[in-house]
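Engineer: Could you work out the structure for the sequence below:
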Amino acid sequence: MGEIRAEVLLPTQELRDDIPFFTKVLGMRMEMIYPADDPSVAVFSGHGVRVRVEKDAQASPGLLRLLAEVPDEVAAGQRDLVAPNGTRVEVRSLHEPLIMPETVHSFTVRRLADQAPWIIGRAGMQYRDLIPDRLGGSIIASHIRIPDGGPVPDMVHYHTVGFQLIFCYRGWVDLVYEDQGEPFRLHAGNCVIQPPQIRHRVLYASDNIEVIEIGVPAEHVTTIDHDMELPNGPANPDRVFQGQRFVHHRADEATWDAFRVPGFVSRDTTIAAHTGDVAAVHVVRPDGTDSPWTQHDGDILFTFVMEGGLVLEGEGRAPHDLAAGDAFVVPPGMPVRYTPTTDNLELLEVALPGAFQTVVLPR
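Structural biologist: Residues are numbered from 1 along each chain as shown. You can find the predicted model right below:
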């Protein structure tokens, strides 16, 4: 197939007025102009776009948006301009800003038995929302599954996030990450954090794989990187991505210790240490002793029931009998108590920030 080019068509009444605007003000390069004696068509290129300005063209003036790393370096710092031909020009930041909404605290319980719909999302994956109100947009927690294993139709991409966790709940998945060496298999019980803007790709999944994905904030941009190939050369595991290091936590290498709530033990994924306490992630089990009423002063405290069952009691609320696949959020300052109902109870707890206080309440 021969060369193919695309261009944006913009109309004009007088081409001579537009040439200095597109070349001098916007910094584009003129590629062609004709006819020579009375020009009516000119083609400009620059900033990743090709523009054809044509006299009396049957098209609307349009909106041209220029995205710059340093917007002040474009058009003498102007943000909104109008070309002589009527085309509106907006100069904006190249990178979408990361906006962290204020958390809207609520006591939330989400049951698998409620049969919330599974939504088809990116790369054909099925998503189930674990925090329907998303706490005012501050967090999204998704239960993701791929019923049929095999190659995943994913591309190298990255996320503009404050924090992102991938916890393998069932099955396994093959992943590859920027500066982390060769692809590896993420097994059930293990997790990774995806630091802000680390390039990565999902390669292959087992049948019936399920993962829990946490993203902060709830709405964040996913960008496809068409230029990077992964793996991308020698590993650099100590690289810091906007204050966070990549973590691949392996359950078989972890140790169990006392948990913040008496009556339980946990394995620390070391995510708090690698993110500067942006977040903490623990896998939690009962230790066979009674658990008291407690309250915390963190911002977000999310828990997913991976195995077994428990009764969740919240002050002023009816008890909730929870089972595997259920999830809940406990707001700061609310007294709660966890009472295991099965010996095989296992919880996944995600806290933001990673450092906060838990108080045991007298009852």
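Engineer: Pass me the low-pLDDT residue ranges in the protein, would you?
Structural biologist: 122-124 (pLDDT under 70).
Engineer: How are the helices of the stretch 201-350 of the chain distributed by residue range?
Structural biologist: 271-274 (DSSP state H, counting those that start in this stretch).
Engineer: Can you give me the domain assignment for this structure?
Structural biologist: In terms of domains, the chain is parsed into 8-93, 108-249, 253-360 (source: automatic domain parsing).
Engineer: Mind checking what helix or strand follows the helix ranked longest in the chain in sequence?
Structural biologist: Here the longest helix in the chain is taken by residue count, with DSSP state H as the criterion, and it is helix 15-20. Remark: after helix 15-20, the chain's next helix or strand is strand 29-34, criterion DSSP states H and E.
Engineer: after that next one comes which helix or strand?
Structural biologist: strand 41-46.
Engineer: tell me which residues in that next one are buried?
Structural biologist: Residues of strand 41-46 classed as buried by neighbour count (16 or more other CB atoms under 10 Å): 42, 43, 44, 45, 46. Yep, even glycine has a C-beta here, placed from its N, CA and C like the rest.
Engineer: Quick one: residues in contact with it.
Structural biologist: Contacts of strand 41-46 from elsewhere in the structure, counted by CB atoms under 8 Å, 6 or more residues apart in numbering, are 7, 15, 18-19, 22-23, 26-34, 50-55.
Engineer: Switch the buried residues of strand 41-46 over to JSON lines; also include distance to residue 161.
Structural biologist: As requested, these are exported to JSON lines (distance: CB to CB, whole Å):
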{"residue": "42", "distance to residue 161": "42"}
{"residue": "43", "distance to residue 161": "39"}
{"residue": "44", "distance to residue 161": "36"}
{"residue": "45", "distance to residue 161": "34"}
{"residue": "46", "distance to residue 161": "31"}
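Engineer: Now do the same contact list for residue 7.
Structural biologist: Applying CB under 8 Å, 6+ apart, the residues contacting residue 7 are 43, 50, 51, 52.
Engineer: quick one on the thing from earlier: any chance of the domains of the chain in a markdown table with distance to residue 102 as columns?
Structural biologist: Formatted as a markdown table, the entries for the domains of the chain read as follows, by distance: least, CB to CB, whole Å:
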| stretch | distance to residue 102 |
| --- | --- |
| domain 8-93 | 22 |
| domain 108-249 | 6 |
| domain 253-360 | 10 |
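Engineer: Looking at those domains, spot the one closest to residue 100.
Structural biologist: For the domains of the chain, the distance to residue 100 is smallest for domain 108-249, at 5.5 Å, taking CB to CB.
Engineer: what's the first-to-last distance across the closest one?
Structural biologist: With CA to CA, to the nearest Å applied, domain 108-249 spans 28 Å between its terminal residues.
Engineer: residues of the longest helix of the chain that come out buried?
Structural biologist: Judged by neighbour count using 16+ other CB under 10 Å, the buried positions of helix 15-20 are 15, 18, 19.
Engineer: Tabulate those residues (CSV), appending distance to residue 221.
Structural biologist: Conversion of the buried residues of helix 15-20 to CSV gives the following (distance: CB to CB, whole Å):
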residue, distance to residue 221
15, 37
18, 33
19, 35
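Engineer: Among those, which one lies nearest to residue 164?
Structural biologist: residue 18 (44.7 Å).
Engineer: Could you pull up the residues touching that closest one?
Structural biologist: Residue 18 makes contacts with 12, 42, 53, 83, 84, 85, as judged by CB under 8 Å, 6+ apart.
Engineer: Among the contacts of residue 7, which lie within strands?
Structural biologist: Those of the contacts of residue 7 mapping onto strands are 43, 50, 51, 52, per DSSP state E.
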